[in-house]
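> sequence and computational prediction follow.
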Amino acid sequence: MPVENTVQSIERAIRIMEELATEKEGMGVTELSHRVQLHKSTVHRILNTLLQYGYVEQNPNTERYRLGMKLLYLGGAILDRMDIRREAHDALNALAEEVNETVHLVVPEGDRAIYVDKIDSKRTIRMYSQIGRRAPYHASAVGKAILAFLPQEEVERIISKGLEKYTKNTITDPEKLKKHLEMIRQKGYAVDDEENEVGIRCVGAPVFDHTGMVIAAISISGPIVTVTKEKIAELSEKVMESARRISEKMGWKAG
């Protein structure tokens, strides 16, 4: 078969599968041929090939075609290799280089978040945080960024475990924390204003997966003398943009 015909057949098969993806109950050959503007015999031939390899399936009662389970297998293979640490690392490096502050990546694990990556700033003052260390949800920018977007029942469960006080700024009142989380949802970022460690201020944003579920958070962290209150607005834009890019790598789409 000539190369151009091979490419054309692949293009047509892709168009057919993309059209089938729009209909949960599937489509018959006639309707599908109208949708993709191809002759019925051409559509039928391509469907038979896709059927043979498991990319489409046919309902024996209605004779309508729909996407097959083979595509689910391929999609799962892609998701399995989307390791958040690997996918986020370049964005973290770029962010740390831009702001010259320490940048963290955490993922939720049980009742706390866990640091899975860290890029140190070039400043002489270094953050105590380290990979593997756990961060409290209610007293860290990354933790609050995750907590704000978890299902409500999960938020209630975590809060019911108690809100430990780390500094005088730690939010320990459940109702106050819930209002604070609502503000984070509205703004899209969280701030740890010396709530976990005296002298340290952080700005964090959530990372989402292809389903819209929060799966991680990133933060810019540093001493209050460099991460000043006046810089929060600027840093929040940068951390949200980096989190958005990582989310998109994980399959998330805005809206």
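Yep, that arrived. Numbers count the residues shown, from 1 in each chain.

> what's the pLDDT at T22?
Here the pLDDT value assigned to T22 is 86.

> ugh, wrong one, I meant M27
92.

> what does the one 10 residues further on give?
Per-residue confidence at Q37 stands at 93 (pLDDT).

> before we move on, what about A217?
97.

> isn't it right next to V106, touching?
Yes - contact criterion C-beta atoms under 8 Å: A217 and V106 qualify, at 5.5 Å. All C-beta atoms are positioned from the backbone trio N, CA, C, and that covers glycine.

> return the residues in contact with the residue nearest in space to the middle of the chain.
For the chain, F208 is the residue whose C-alpha lies nearest the centre (C-alpha atoms, centre = their mean; 2.2 Å). By C-beta atoms under 8 Å, 6 or more residues apart in numbering, the contact set of F208 is 149, 214-215, 247, 250, 252.

> who wins for neighbours among these?
Of all the contacts of F208, the highest neighbour tally under other C-beta atoms under 10 Å goes to S247, namely 24 neighbours.

> and that residue, what element?
Using DSSP states H and E, the element containing S247 is helix 232-249.

> what does that helix contact?
Under C-beta under 8 Å, 6+ apart, the answer for helix 232-249 is 82, 84, 87-88, 91-92, 94-95, 98-99, 101, 187-189, 191, 201, 203-209, 216-220, 227, 254.

> residues that sit against both of A217 and V106, list them.
With C-beta under 8 Å, 6+ apart, A217 and V106 have common neighbours 113, 142-143, 146.

> quick one on the thing from earlier: pull out the buried positions in the helix holding S247.
Going by neighbour count (16 or more other C-beta atoms under 10 Å), the buried part of helix 232-249 is 232, 235-236, 238-240, 242-247, 249.

> the closest residue to Y53 other than its chain neighbours and R12: what is the separation?
Sequence neighbours aside, K70 is the residue nearest to Y53 in space, at 6.6 Å (criterion: C-beta to C-beta, 6 or more residues apart in numbering). Here the criterion is C-beta to C-beta, to the nearest Å. By it, K70 lies 18 Å from R12.

> so Y115 sits in a helix?
No - checked against DSSP: H, G, I helix; E, B strand; the rest coil, Y115 lies outside a helix; its state is strand.

> quick check: what element follows the least confident helix or strand in the chain by mean pLDDT along the chain?
One helix or strand of the chain scores below all others by mean pLDDT, DSSP states H and E: helix 69-80, with a mean of 74. Remark: after helix 69-80, the chain's next helix or strand is helix 84-99, criterion DSSP H and E.

> I'd like to know which elements that following helix is packed against.
strand 102-109, strand 112-119, strand 214-223, helix 232-249 (3 or more C-beta pairs under 8 Å, 6 or more residues apart in numbering; DSSP states H and E).

> centre of the chain to the third one, how far?
It refers to strand 214-223. Centre-to-centre, strand 214-223 and its host chain are 13 Å apart (C-alpha atoms, centre = their mean, to the nearest Å).

> likewise for the last one?
Here helix 232-249 is found 12 Å from its chain centre; the criterion is C-alpha atoms, centre = their mean.

> that helix vs strand 102-109, what angle?
Taking axes from the mean of the first three to the mean of the last three C-alpha atoms, to 10 degrees, helix 232-249 and strand 102-109 form an angle of 50 degrees between their directions.

> hey, C-alpha coordinates of helix 232-249 in PDB?
This file holds the C-alpha atoms of helix 232-249, laid out as PDB (Å, rounded to 0.1, in the frame of the first residue of the first chain):
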ATOM      1  CA  ILE A 232       3.200  37.600  47.800                       C
ATOM      2  CA  ALA A 233       1.100  38.800  44.900                       C
ATOM      3  CA  GLU A 234       4.000  38.400  42.500                       C
ATOM      4  CA  LEU A 235       5.100  35.000  43.800                       C
ATOM      5  CA  SER A 236       1.500  33.700  43.900                       C
ATOM      6  CA  GLU A 237       1.200  34.400  40.100                       C
ATOM      7  CA  LYS A 238       4.400  32.600  39.400                       C
ATOM      8  CA  VAL A 239       3.600  29.500  41.600                       C
ATOM      9  CA  MET A 240       0.100  29.200  40.100                       C
ATOM     10  CA  GLU A 241       1.500  29.400  36.600                       C
ATOM     11  CA  SER A 242       4.000  26.600  37.300                       C
ATOM     12  CA  ALA A 243       1.300  24.500  39.000                       C
ATOM     13  CA  ARG A 244      -0.900  25.000  35.900                       C
ATOM     14  CA  ARG A 245       1.900  23.800  33.600                       C
ATOM     15  CA  ILE A 246       2.500  20.700  35.700                       C
ATOM     16  CA  SER A 247      -1.200  20.000  35.900                       C
ATOM     17  CA  GLU A 248      -1.400  20.100  32.100                       C
ATOM     18  CA  LYS A 249       1.400  17.600  31.900                       C
END
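
> good, wrapping up.
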